[in-house]
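Trainee: mind looking at a prediction? Sequence and model below.
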Number of protein chains: 2
Amino acid sequence: MAKRQQSADRTPAPLDGQPHVVIVGAGFGGLACAYALGGSAARVTVVDRRNYNLFVPLLYQVATAALSPADIATPIRRVLARFKNIDVIMAEVVGLDLKAKRVRLADKGHVPFDILVLATGSVYNYFGHEDWARNAPGLKTIDNARSIRGRILQAFEDAEKAGDPDRQAELMTVAIVGGGPTGVEIAGAISELARHSLASDFQRIDPERARILLIEAGPKLLAHFPDPLPAYALKTLQSAGVEVRLNTKVEAIEPAAIRAGGEHIRAATIVWGAGIRGGDGAGWVKAPADHAGRIRVAPDLSVPGTDGIYALGDLASLDQDGKPLPALAQVAKQQGRHLGRALRRSLDHGPPPPAFHFHDRGDTAVIGRHAAVYSIGRLQMAGLLAWLLWALVHVFLLIGVDKRMLVVTQWAWRYLTNERGARLID
Amino acid sequence: MAKRQQSADRTPAPLDGQPHVVIVGAGFGGLACAYALGGSAARVTVVDRRNYNLFVPLLYQVATAALSPADIATPIRRVLARFKNIDVIMAEVVGLDLKAKRVRLADKGHVPFDILVLATGSVYNYFGHEDWARNAPGLKTIDNARSIRGRILQAFEDAEKAGDPDRQAELMTVAIVGGGPTGVEIAGAISELARHSLASDFQRIDPERARILLIEAGPKLLAHFPDPLPAYALKTLQSAGVEVRLNTKVEAIEPAAIRAGGEHIRAATIVWGAGIRGGDGAGWVKAPADHAGRIRVAPDLSVPGTDGIYALGDLASLDQDGKPLPALAQVAKQQGRHLGRALRRSLDHGPPPPAFHFHDRGDTAVIGRHAAVYSIGRLQMAGLLAWLLWALVHVFLLIGVDKRMLVVTQWAWRYLTNERGARLID
């Protein structure tokens, strides 16, 4: 059955003694790096604990019943199938043996490497309150999205059954922590879900009266966008019925309750979107990290003090023009492609990897129907045109014509009918 | 927040003293019954433990990564939202208080009824070996489908990692128990998945060499179809590489192994599709049941010996022309509509419910690409035309234009590219 014999240590068969590049994580950065190495003389192994690449920017639409998980998930091996020099292994990496130059797997296996690319991304930062995660899930994985979707929909179901108006109010309250893109997007989407999709489906409750709170510690929403976009986001959310609390710190999160700005608010659903930190990979190497636990990489994306180890995407911290690059998909993607191409050249005995330079393609966030913000360089846009651009960019960035068709079909249907097709409680 | 005050016992507000019809289960039968009572003078409450109606005939496509769960699931309250006389409650029913005429819920609540319709469907029959369910899940729920999908895909991932050819062979073996429509459909779909969708995605294994076993205790596949359709199904599956074992009894199911016909076969994935029995509802009433635990109902679908309790669909056993009606969606649907209309008439002081008569709309099962069987009355069809008819009928029966568009899009894409869009391991 084996096409080719495999050694016990899961090294691919030697390919003319070419170095073995191992990429851990097949998100935007890892996949772009693998892709750039596709068809090269290098032997490449991509290791991910999932079998799919997830298009995280649309994950909030899974959490709000607008899309199915599979619409934004593409099998890693399908994307890389055409490159015979790339192996894909579905396994969880638990650490590195730096001396032996190998990656340790949770199933006790290991993968030796000559060059290692760490692209394990970021996780939500609970700023020392990791126990809050249980009551206020972030939005990083399909499990997260399904769990949030289930909580929101179940709360409305429970409210329909509850006799007591106070209990109904509590069930119909959603608190979202963090006024960045994730928080703004999910607040806008939950408002649409309650005020339009669910509006006429209940007999004893009025979903339009759901209370949606967006809590931000700083003085504005979408703080990394230039003015006047933050003010536009605030006004748009408020007119959609979202209660926005700026300059409000979260003091505690309890089961179905949140304490913020001195107030204790009962809320059946709490969603966390308040900042990220470097994921597991940062702990595997002894390298300086920034305040958010991201590895401070050299300009060529190498990890200082290591031999042949690189880091990129949300896991890496790199300054450009005196400012750290943002944790955005486009940064990860450009870094992945840059590193893949550089490694390819250096394997051909070309020059060592040059410094990475980020080309800003613009940044966008959606707030509601006909309402998004778009900013690139000195240009700012808000409203319908930005919304159309947002949609166009996101459809374009999905992997696969089928995913694009499915997403467009569901968006069009939702636009026309306000219905959301994925209202499953799991 | 409450639109209308609710009594502690979850009875809807009285509606001019009209009797309260409670329908337990919103499958094909329960939903059709509710729909027929929509807009009538009756107060109706539909109770289901899920928030969605599931189109079970396409569930095998979720299990084989071709469709997403949401493509075949429609929120019950969305379907019934337009009927202001129908309440929908998401709750698990655990039994009945026959004297007090009320339904008991798992959350300790209860729903009083004047008329009760039991439509709780069927579960897989392990014929006394309920412990086999853990190692050989049936295919009745979204959880089942996700679990089977995950097992199949994970087995190929593990085979890619395994060094040992014997272990690879075991991982790449799927055993399906039962040669009825579910078994035949899933065997055909897994064969397509392995031989076409996954074929070029692996480096160390050849998914085309996957071993797919279909084990049937009786002498033919699709036994309730007239000749020569069973022989056609056998030939078609065999030419797709499925090993069909007829007249073969399953003796034991172990973790990742099955003993059948005296042979012990190691198989990472085992799927059960070998017969059904009446679900929970049958135990709630003291009424005669058939050999498969289905309630023997009177011709008007009432449960003998009870007052105002009816049963329908897979939960009910009813003979017509000397033969029991099959456990098919169309039987449940027709019974639901019949009973709903009859109750509606009798609430208007019309005649008591008349006897149910099933109108056969034909039966169909798909085997593979361009290959299905269709039988209605004396007409039999096999091949391309039956396949097109199968597809047409199934798309037509889906609830909602959006679901139809999504399913057609994914079928067309799969037809053209052999790709399956929902290859997620959860």
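Mentor: Cool, the structure landed. Numbers count the residues shown, from 1 in each chain, chains lettered A, B, ... in the order given.
Trainee: from residue A:73, how far out is whatever residue of the stretch 251-400 of chain A ends up closest to chain B?
Mentor: With distances taken as CB to the nearest CB, the stretch 251-400 of chain A approaches chain B most closely at residue A:400, which sits 7.7 Å away. Every residue, glycine included, has its C-beta placed from N, CA and C. With distances taken as CB to CB, to the nearest Å, residue A:400 is found 10 Å from residue A:73.
Trainee: these two: who's more crowded?
Mentor: residue A:73 (24 against 17; other CB atoms under 10 Å in any protein chain shown).
Trainee: need the contact list for the more buried one.
Mentor: Residues in contact with residue A:73, defined by CB atoms under 8 Å, 6 or more residues apart in numbering or on different chains, are A:52-55, A:142, B:424.
Trainee: can you name the two of those that sit furthest apart?
Mentor: The most widely separated members of these, counting by CB to CB, are A:55 and B:424 (12.9 Å).
Trainee: which of the contacts of residue A:73 fall within strands?
Mentor: A:52-54 (DSSP state E).
Trainee: let's have these in CSV, adding distance to residue B:48.
Mentor: Supplementary listing: the ones in strands among the contacts of residue A:73 in CSV, determined by distance: CB to CB, whole Å:
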residue, distance to residue B:48
A:52, 31
A:53, 35
A:54, 31
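Trainee: need those in a markdown table (columns: neighbour count, pLDDT and distance to residue B:319).
Mentor: Listed next are the ones in strands among the contacts of residue A:73 as a markdown table, based on neighbours: other CB atoms under 10 Å in any protein chain shown; pLDDT from 0 to 100; distance: CB to CB, whole Å:
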| residue | neighbour count | pLDDT | distance to residue B:319 |
| --- | --- | --- | --- |
| A:52 | 25 | 98 | 49 |
| A:53 | 22 | 97 | 54 |
| A:54 | 22 | 97 | 52 |
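Trainee: tell me who's in contact with the residue nearest the centre of chain A.
Mentor: Here the mean C-alpha position of chain A is nearest to the C-alpha of residue A:56 (CA atoms, centre = their mean), at a distance of 3.8 Å. Shown in contact with residue A:56 (CB under 8 Å, 6+ apart): A:27, A:140, A:329.
Trainee: what about it, distance to residue B:236?
Mentor: In this structure, residue A:56 lies at 42 Å from residue B:236, with CB to CB as the measure.
Trainee: tell me where chain A has helices.
Mentor: Across chain A, reading from the start of the chain, the helices by DSSP state H fall at A:28-37, A:59-63, A:76-80, A:142-161, A:165-171, A:181-192, A:229-239, A:281-284, A:329-347, A:384-397, A:401-417.
Trainee: and those, which one's lowest on average pLDDT?
Mentor: Of all the helices of chain A, the segment with the smallest mean pLDDT is helix A:281-284, scoring a mean of 92.
Trainee: other SSEs contacting it?
Mentor: Helices and strands in packing contact with helix A:281-284 are listed as strand A:93-97; criterion 3 or more CB pairs under 8 Å, 6 or more residues apart in numbering or on different chains; DSSP states H and E.
Trainee: distance from the chain centre to the strand it packs on, please.
Mentor: 23 Å (CA atoms, centre = their mean, to the nearest Å).
Trainee: and that strand, which residues are buried?
Mentor: Applying a neighbour-count criterion of 16 or more other CB atoms under 10 Å in any protein chain shown, one finds A:93, A:95-96 buried in strand A:93-97.
Trainee: which bits of the stretch 301-426 of chain A sit near chain B?
Mentor: For the stretch 301-426 of chain A, the contact set with chain B under CB under 8 Å from any CB of the partner chain comprises A:400-403, A:405-406, A:409-410, A:413, A:417, A:419, A:421-426.
Trainee: list only those of the residues you listed flagged as buried.
Mentor: Applying 16+ other CB under 10 Å to those, the neighbour count classes A:400, A:402-403, A:405-406, A:409-410, A:413, A:419, A:421-425 as buried.
Trainee: of those residues, which pair is most distant in space?
Mentor: Using CB to CB, the pair of those lying farthest apart is A:400 and A:425, separated by 27.9 Å.
Trainee: now residue A:285, nearest residue through space, not along the chain?
Mentor: If the residues on either side of it in the chain are set aside, residue A:285 comes closest to residue A:303, at 5.3 Å by CB to CB, 6 or more residues apart in numbering or on different chains.
Trainee: who's in contact with residue A:25?
Mentor: Residue A:25 is in contact with A:47-48, A:118-121, A:281, A:313, A:315, counting by CB under 8 Å, 6+ apart.
Trainee: for residue A:226, same thing?
Mentor: When the contact criterion is CB under 8 Å, 6+ apart, the partners of residue A:226 are A:375, A:380.
Trainee: could you do residue A:360 as well?
Mentor: Residue A:360 makes contacts with A:376-377, as judged by CB under 8 Å, 6+ apart.
Trainee: before we move on, back to that, out of the ones in strands among the contacts of residue A:73, which touch chain B?
Mentor: Checking the ones in strands among the contacts of residue A:73 against chain B (CB under 8 Å from any CB), the matches are residue A:52.
Trainee: show me the contacts for residue A:352.
Mentor: Contact criterion CB under 8 Å, 6+ apart gives A:300, A:342, A:346 as the residues in contact with residue A:352.
Trainee: quick check: phi and psi on it?
Mentor: phi -70, psi 160 (degrees, to the nearest 10).
Trainee: what does the pLDDT read for it?
Mentor: Each residue has a pLDDT score; the one for residue A:352 is 75.
Trainee: returning to that earlier point: including neighbour count, could the contacts of residue A:25 go into CSV?
Mentor: Conversion of the contacts of residue A:25 to CSV gives the following (neighbours: other CB atoms under 10 Å in any protein chain shown):
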residue, neighbour count
A:47, 24
A:48, 24
A:118, 34
A:119, 31
A:120, 24
A:121, 25
A:281, 27
A:313, 33
A:315, 30
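Trainee: roughly how far is stretch A:232-239 from the heart of the chain?
Mentor: Centroid displacement of stretch A:232-239 relative to its chain, using CA atoms, centre = their mean, is 24 Å.
Trainee: contacts for it?
Mentor: Outside of stretch A:232-239, the residues within contact range by CB under 8 Å, 6+ apart are A:184, A:187-188, A:191, A:214, A:220-222, A:225, A:244, A:246, A:365, A:367-368, A:371, A:373, A:382-383.
Trainee: noted, bye for now.
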